[in-house]
Structures are given as C-alpha cells and as structure tokens.
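Enquirer: sequence below, structure please.
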Amino acid sequence: MEKPNPLKNLLLPPTMELLAAPFSSLLPPRTHHLPPQSPSTHRHGRLQEPIMAFAQAPPLPLLLQEPRSSSHAPRRSTRRLIQEPRTHPPPGHSLRSEPRIVSDTKLITMHSCGGRLGDARKVFEGMCRRDLLAWSAIIGAYAIRGLYGEVIALALRMVAEGVIPDRFLITRVLQACAYSEDLQLGMALHSMAIRRGFMGRVRDVPVGNSVLAMYVKCGELDHARRVFENMEQRDVGTWNSMIFGCCRFGEWEEARRLLDGMRCEGTEPGVVTWNTLISSYARSGDLDMAMELLEQMEESGVAPDVVTWTSLVSGFVHSDRGDEALQCFVRMRFAGVEPNGMTIASAISACASLKLLSQGMELHCHAIKVGSVNNVLSGNSLVDMYAKCGEIVAARRIFNEIPEKDIFSWNSMVAGYAQAGYCGKAYELFCKMESHGVRRNVITWNIMISGYIRNGDDERAFELFQMMESCGVKRDTASWNILIAGSVHNGYYDRALRIFRQMQSLLVRPDYITILSIIPAFASLVAVWKVREIHACIFHRNMEMDGKIANALINAYSKSGDLAGACAVFDRHSSRNIISWNCIILAHLMHGSPNEALDLFSQMKREGVLPDHTTLTAVIKAYGLKGKVSEGKEIFLNMTHNYNIAPDLDHYAAMVDVLGRSGRVQEAYELIDEMPLVPNSAVWETFLTAATVHGNVRLAYQAARELSEIEPRDPRTQRLISNLQDLARKSVDVPDMMVPSKGRELGEVDSCSVEIKNKVYLFSTDDTFVLEHAVAKLKLMMSQTGLSVLNMHDGTLDVEEAKDEVSGIHCDKLAIAFAMSNSAHFRSIRIIKTVRMCSHCHTFAKLVSEKYNREILIKDPNCLHKFKGGKCSCEDYW
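Expert: From the prediction side, this is the model:
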C-alpha cells in the first residue's frame, strides 16, 4: 500500500479550498538561529508544532469570500468579527499582570525605535508571559531591519507557545517568508489565512498581497496567479506584485496585458508600477521599449523618480550605449530629480566607456557634493573611469581612498594598470589581494592574462593561464577567448586554432565572443574548408542569424577565396546593415569583380541604406578597376554634397589608386601634393605601386623617401624599396636604414606556407635545403610554360647548375611546384606569403593556372591573388 505523503495535503489546490488539519509529522524539522537566550527560556525550533497550530487554529465564523456589502455591517458585529481567538490563560494567571505586559511591550517598542534591538530582546525574554502585542512588537522590530530569518524563528516560537497571529502580524511573517524564500512556511500561513477568514474582505487586501508577493518571490508564479484571480478586491499593490512576477519570469506580454487590465478596472498605475516595468525591460536589454514606457509614464501624469532614471541609465551603460545613458542623466537633472549614488556611479561608467574625462570629473565633483564619493560603488566607477582615460595616478588615489575595497575595486585598479601598460604594477596588486583578505576570482586572472597579451608578453600570459586551475580558480570561456583573440591580434593564427581545438576537446562551450574571435584566424589561413567548419559550428549553435557573426562569415569566405560562399551568407542574412553591404562589396572587389560591386552599391541605395565612408572608398576603387576615372572622380568630388561625408585619407588613397591604374601618375602626385590632409603610409604605398608599375623611377623614389620617413623599419616598405632598386637596375640613393640587409629578421624573410592533407609546409627563399623533387618539378613546369630558368630572381641570378639554382628560386614557385606534385588536380592551391609577390612569380602563377587548369590563391600582405585560366583577380596591378 502506497504510503500517503502528508506534505501533499499542505499544498493549496487551484480553487483555494479550506484545508484539513495536517498531521503533526507534516514537515521535517528546521532550525532557525536566534540570539543567545536566558537558560530559563525554553526554545521551540521545530516546525511541526507551529505548522500544526497554524492549520488547527479555529476558523472565524466567516465566509471565504465575503460580499463587498459586508463592510457596511453594524459596528457591533464588525468589532465582534475583529476579535481574535485567544488561548486560555495559563494556570495561575492573574489580571494583575496585564499592566506589566503592556509596560514591557511599550518598553520593547521604545528600545526598538531607539535602535537598541539587543535591549528590546532582553526585555522580551524577561517577560513571564507574552501576549500578541508583545510578539508583534519584537517581530516588527526584526522585520523592519530586514532580519527575516529571526522573524521566522520568532513566529514559529510564538505559535508553539499558543499565540496565534492576527491579520497584521501574519502579513509581516509572510513578508519574511517571501524574502527568505521559505515556501513551505508561506503555504502554511496561506492555509491559516484562508481558514481564519483573512482573504475575502476589503480590509484583507494586504494579507492577500503578502501571500501573492510570497509566491512570486518563491518562484511559484502559477500559485501567485491563482491567488490573484481569486482576489475579489485588488489595490495597486496587488497589480504591482503580479506585474513584478511576470517581469521576473520574462512574461513581458502578460505584464503589459496586466498593465492594461489594471487601467480598465480603474486602478491607475503608480510610480512603482511603472518602475517595475521600466527596470525589467532595461535589465533585459530592450531599452527601446523601456523608453517607450517612460513616455507613457509621463503622459499619464506620473513623474519619473530617481529609481526610474537610474534603471535607464544603468541599462544603457550595460548595453554599451553610453551616449544615451548620459542623455538620460541630463534629462533627469533637467527634471529636477536628484541622483543617488547608483545613478552617479552608472553615469561615471558611461563616461569611462566613452573616455570622457572632463564629464567624468564633473560627476566626480557631484559625487563629492552629495557625499557618495566614498561609496564603494562610486569609488569603483571612478577608478575605472580615470584608468580608462589614462589618468592612472588619479585612479590609484581614488583606489587608496575607498574605505572598504571589494573585489571590483581591486579588479578595476589591476585592469587600469594592465591597460596602461604597467603590467608590473598590475601584478604587484594582483599578488597583494590575498593578503588584504580579497580572494582573486576568474575575472582578476583574466585581466592579468589580457594585460600581458596586450603588451606582447605572451609567455607570461600562458603561464598564468596554466596556473589558474592549480590556484583553485576554474577557467571560464572568457579565459579561452582572451588567448584566442590575443593570438589572432598578434598574427599567430595557427596558435589561435590550436587553442580553439584544445578548448573544444575539454568540452568548453564556445560563446558569441569565441566565434567572433576565431573567424578571422580561419579567414587569414586562406582555407575555405576551415571556414566551412566554423560555419557548421555556428549553425549548430543557432548563431548564424546574428548580424555581427554573419558579417564576419562574409568577410572570412571572401578572404579564403570563396566568393560564392560569401554571397550565400549575404543572401540569407535577414538583418543586413551597412557593414553587411560593405563586406559583400569589398568581397567582389577582392575577387576582381568591380561590375558586381557597383551593382550591389546601386541595390543598397534602392533599399534605403545610406553609404558610409567605407562604402564610398570601395566604390571609388571599383571605378578604378573598371578604368572609369571620370566616374571615380565624380564620386570623390561630390561625396560631401551627396552623402555629407568629407573625404578622408582612405578616399584620397583610393583616388590615387584610380589615377595610378589609368597611368596618370603625375596627376596622382599632384593630388597628393594639394590634399588638405597629411598623407599617411597607405597613400604613399599606393602611389609607389603606381609609379613602380608604370616605370616612373623619379616619382617612385619620391614615394620611397616619404615612406622611409613615416615607417623607416617596416619590412613592407623595405620590400617596396627593393623592388624599386630592381626596376632601376641600379642602387637608388635612399637612407641607409631603408636598404634591406641580408641578415633580415625572420618576419622579413621571403617565405610562404602551403597546406596539403592537413599538414603545413613552409618554404623560404633563403633556405639552403629544399626537396629535390620539388625543384625538379619546378624546372619541368617552367620549361613547359615557356619561362627560362635563367633570370628567375628578377634578373639578378645567373646560375648554371641545379644546386646553385636553388638558392635563388623564389619560394612562391617552390610552393606551387610542391603542391602540384602532392595534391589532387581538382583542389585549389592556397599559399600564404609574408611579403609582396614579385612580377616573375606572378607571371609564373598565371601560366601554371592556364597550362594545368588549376586554381591558385596566393595571399600576400597587400592583396589576395586568385589565379584562374591565366588571369589574376588583381588584374596585374598590386
């Protein structure tokens, strides 16, 4: 026979019918900690007896849901109904003790109001007998201070001593159950309230509200909904509790429906109602709806208070919308609402995100004026603001003045030092935290790892990453993201992929930031199958429709040579923005398709998307690829008038490219000479390429001299100078530091890599060891394509034997020959090169693609060369 569950009888049925008296073994014992008591005082910490007393208390002779007209009953009857049943006085009780009980109760209230809770408790414990008023006084003293655990313990003890709470005291205990999330006791109190008739009349609305709030706080929204529906009388507090419950569980539509229903029943929403909705929407990130509710609140005649504005300011800050956060703060001040510490701290955080030092200092002064500067929340925001604005000394001064520093204080200061490049100071604070009683958390470790990577000390960053687990701190997804993003930023794409693989092998689930960080690594390796792999990962995690991830995929597919894949992602992109259009337009330019790029530009304008400066740069370059100089000039000259965009250095570089491709090198030089901006390296590199391609040694030398002043030790600049020297067949008089030395660093060595069957092979022009079969294959291919073995190294080599010939062969040719011998004929050859491709290797790649019908992709620092059918996507201009 199945054993009955007595706990089941305690749960209220949906109809809220009266409950039968439960058994004494209804619930397991629970202990509630109370302050020390006199040894003579007997404590009742068991839950069974109070619950039993709650349920077995004799009900009043009232209906469960009394008609509203009952409130007009004769006064005599009403007074009779108000009287609470009392237990019989204990033996020996005398009415002479009543004055003593009253005086002690007043003394308890006096001590409580004076802030002497301990003295109030001593008086209470010294009473020989306690009535309902005495219990109400001491329970109220604890309730008003938020000591809800003590309230519950006292309530249990009170019932165990035979005193039954009235409707006012039961409201306080229900509030304690709500904040303590004591659902079992709360349900028992609800049962008692129903049996004693506290739930049906107008004056019982506070009890109903307390029951409703208890269920909401305990996470029982269905129970709360049944209580709400069974309440004949509702006030604004009733609606507020129900709206709060719906917002807490994300039922936004239901919360809005309740707001409308509240108005239909004639109850106007108060400031708490509006604040509940606005703060909930702000926390959820739907700030547009929160602002719409703010407008409705003002239209209804309810003035927003400091809670309203603080919710909005804080919400905008957490959504990285600092400008709008400060706008809300200004509106609040114009409305005459004084900010509190939380408002000021949020506004300071907005200044920190925008790096607005002067506005942050003004808020600092205001914090001093209102006395919140020593508040730990304001202090942490000030430390963060000064650190992000580069005022690290001021940040440290604020940090030292915070009286009780928490983990956020330490993390903000450590981050400030790390971001400013003072990793030594950051590590010093990092080590001091434990001695100050603040345990380092995962955010602290992540800050230090990020600081070391940002400052180029990858070895120390990986050392700390390995130490985390041994120090009792579990790595989170952000820890892995920092290593991946740092590796990609520093150009170590293979290492980023290895970290990503290790992360997956340890079953660490990648998040949104992980995907955005790793996609550029896949793209930079010119491996379309790897991009498809990460695309599959994105698809399985249902992230494909995210705007930023879709844009990153378009960019990755185009850079890996798969224009069709980029177009497919773009076509499925449901929320395309200007960045999406820029990505797909640039993808077509990268693959040598200017007509399609211009068609997309026209389509974008038809769909009502306004171009930005990146779009116009791409359009000018597209006209350059088509050889339409006049159309490119028209866009350049009219962009301010037509699109309200002033030409910047990128637009001038694009215009130099247009003129250079058409052979108007002198006109391009005059444009640079007359431009109102100081030309940067991009402008001069573009001009140097144009002068070199068209054989204008004088202007090429001028560009080289300008580049040498801007970036004297940039390997790319040195390579351009080298090409210039080869073009002139003589040494050009350039600064000594610009002449590439024979003992170049590894990063400047002409090298390239090719991946075949999941293995990466590295080739270098300076290598003394090269696979013989690759050299033999290369010589055979060159003879078949009609190229001479002599004059391979831009005319500087004159090699007679094969072994001597190896030292002068450019690595591009070796990589192509090796890939042709070791890969299937239907696979594309994908090569990554560290320096610009020379013209001889470029011609060789075109001939191989035509002769052997192979697609070859070679990515150098300046261009993605896509060779197919004897042509290159760069149209022989790079």
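Enquirer: which residues does I144 contact?
Expert: Contact analysis of I144 by Cβ atoms under 8 Å, 6 or more residues apart in numbering lists S112. For glycine as for every other residue, the C-beta is placed from the backbone atoms N, C-alpha and C.
Enquirer: go again with 6 Å.
Expert: The neighbourhood of I144, defined by Cβ atoms under 6 Å, 6 or more residues apart in numbering, contains no residues.
Enquirer: got phi/psi on it?
Expert: phi -70, psi -20 (degrees, to the nearest 10).
Enquirer: ok, A367 next?
Expert: Dihedral angles (degrees, to the nearest 10) for A367: phi -60, psi -40.
Enquirer: use 46 as the first number for this chain going forward.
Expert: OK, 46 is where the count begins now, so the last one is A412.
Enquirer: per-residue pLDDT, it?
Expert: Listed pLDDT for A412 reads 89.
Enquirer: from what I see, it and N419 are in contact.
Expert: No. Contact criterion Cβ atoms under 6 Å: A412 and N419 do not qualify, at 9.0 Å.
Enquirer: of these two, who's got more company?
Expert: Neighbours were counted for A412 and for N419 using other Cβ atoms under 10 Å; A412 has more, 23 against 14.
Enquirer: which residues touch that one?
Expert: Counting by Cβ under 6 Å, 6+ apart, A412 touches I389, V418, S423.
Enquirer: quick one: least confident of those?
Expert: Taking those together, the minimum pLDDT is found at V418 (80).
Enquirer: burial measure for it, as a count.
Expert: Neighbours around V418, by other Cβ under 10 Å: 19.
Enquirer: measure it to V375 for me?
Expert: Distance from V418 to V375, counting by Cβ to Cβ, to the nearest Å: 21 Å.
Enquirer: next: E641.
Expert: 47 Å.
Enquirer: and the two? Which one has more around it.
Expert: E641 (18 against 10).
Enquirer: and the next helix or strand past the helix or strand hosting that one?
Expert: Following DSSP states H and E, one finds E641 within helix 639-651. Following helix 639-651 in sequence order, the next helix or strand is helix 658-671 (DSSP H and E).
Enquirer: and R621, which of the three is it?
Expert: On the three-state scheme (DSSP: H, G, I helix; E, B strand; the rest coil), R621 is labelled coil.
Enquirer: which residue is the nearest non-sequential neighbour of it?
Expert: With sequence-adjacent residues excluded and distances taken as Cβ to Cβ, 6 or more residues apart in numbering, R621 is closest to F615, at 7.2 Å.
Enquirer: tally of neighbours for the one you found?
Expert: A count of neighbours around F615, defined by other Cβ under 10 Å, yields 22.
Enquirer: now the one 4 residues further on
Expert: By other Cβ under 10 Å, 8 other residues sit near S619.
Enquirer: any idea how far it lies from S225?
Expert: Distance, S619 to S225, by Cβ to Cβ: 46 Å.
Enquirer: same check, this time on V272
Expert: 19 Å.
Enquirer: could you work out the end-to-end span of stretch 308-315 for me?
Expert: 11 Å (Cα to Cα, to the nearest Å).
Enquirer: mind listing residues that contact it?
Expert: Contact with stretch 308-315 is made by V281, as judged by Cβ under 6 Å, 6+ apart.
Enquirer: doesn't I876 fall inside a helix?
Expert: No. Under three-state DSSP, I876 falls outside any helix and is assigned strand.
Enquirer: what's near enough to touch it?
Expert: Contacts of I876 (Cβ under 6 Å, 6+ apart): C797, V799, A860, I903.
Enquirer: right, and the residue nearest to R621 touches I629 too?
Expert: Yes. Assessed by Cβ under 6 Å, F615 is found in contact with I629 at 4.6 Å.
Enquirer: overlap in contacts, these two.
Expert: Taking Cβ under 6 Å, 6+ apart as the criterion, F615 and I629 both touch I599.
Enquirer: and Y746, what's its pLDDT?
Expert: Confidence at Y746, expressed as pLDDT, is 80.
Enquirer: buried stuff in the helix or strand encompassing it?
Expert: Element membership of Y746 [criterion: DSSP H and E] is helix 742-755. Within helix 742-755, the residues that count as buried by 16 or more other Cβ atoms under 10 Å are L744, A745, Y746, Q747, A748, A749, R750, E751, L752, S753, I755.
Enquirer: report the separation between the last one and I877.
Expert: Distance from I755 to I877, counting by Cβ to Cβ: 26 Å.
Enquirer: what stretches of the stretch 646-795 of the chain score poorly on pLDDT?
Expert: The model of the stretch 646-795 of the chain has pLDDT under 70 over residues 760-794.
Enquirer: mind listing the strands in it by residue range?
Expert: Shown for the stretch 646-795 of the chain, no strands are assigned by DSSP state E, counting those that start in this stretch.
Enquirer: go on, the chain?
Expert: 796-801, 804-809, 874-878, 901-904, 909-913, 916-917 (DSSP state E).
Enquirer: the fourth one: partners in the sheet, and parallel or antiparallel?
Expert: Pairing partners of strand 901-904, with direction, according to DSSP bridges: strand 874-878 (parallel), strand 909-913 (antiparallel).
Enquirer: winner for burial among the ones you listed?
Expert: Across the strands paired with strand 901-904, the average number of neighbours (mean count of other Cβ atoms under 10 Å) peaks for strand 874-878, which reaches a mean of 23.
Enquirer: now that strand, how far from the chain's geometric center?
Expert: Taking Cα atoms, centre = their mean, to the nearest Å, the mean C-alpha location of strand 874-878 is offset from the chain mean by 35 Å.
Enquirer: can you give the contact residues for stretch 541-558?
Expert: The contact list for stretch 541-558 (Cβ under 6 Å, 6+ apart) reads T522, W525, N526, L528, I529, S532, V533, I563, A566.
Enquirer: give me the residues contacting stretch 620-633.
Expert: So stretch 620-633 is contacted by 592, 596, 599-600, 603, 611, 615, 618, 641-642, 645, 649, 654, 657, 659-660, 663 (Cβ under 6 Å, 6+ apart).
Enquirer: if you could redo that for stretch 155-162, that was the one I meant.
Expert: Taking Cβ under 6 Å, 6+ apart as the rule, stretch 155-162 contacts D164, A165, A186.
Enquirer: any of these buried? List them.
Expert: By 16+ other Cβ under 10 Å, those give A165, A186 as buried.
Enquirer: not counting its neighbours along the chain, what's nearest S398?
Expert: G367 (4.3 Å).
Enquirer: hang on, isn't the one you found packed against C396?
Expert: No. The criterion here is Cβ under 6 Å, and G367 misses it with C396 at 7.4 Å.
Enquirer: more neighbours, the two?
Expert: Applying other Cβ under 10 Å to G367 and C396 shows that C396 carries more neighbours, namely 29 against 20.
Enquirer: tell me the contacts of that one?
Expert: Q404, G405, M430.
Enquirer: what's the answer for A642, then?
Expert: I630, H633, L634, A667.
Enquirer: ok, now how distant is it from T731?
Expert: 18 Å.
Enquirer: wait, which of the contacts of stretch 541-558 is closest to A471?
Expert: Nearest to A471, judged by Cβ to Cβ, of the contacts of stretch 541-558 is L528 at 17.8 Å.
Enquirer: give the contact list for Y224.
Expert: Contacts of Y224 (Cβ under 6 Å, 6+ apart): Y193.
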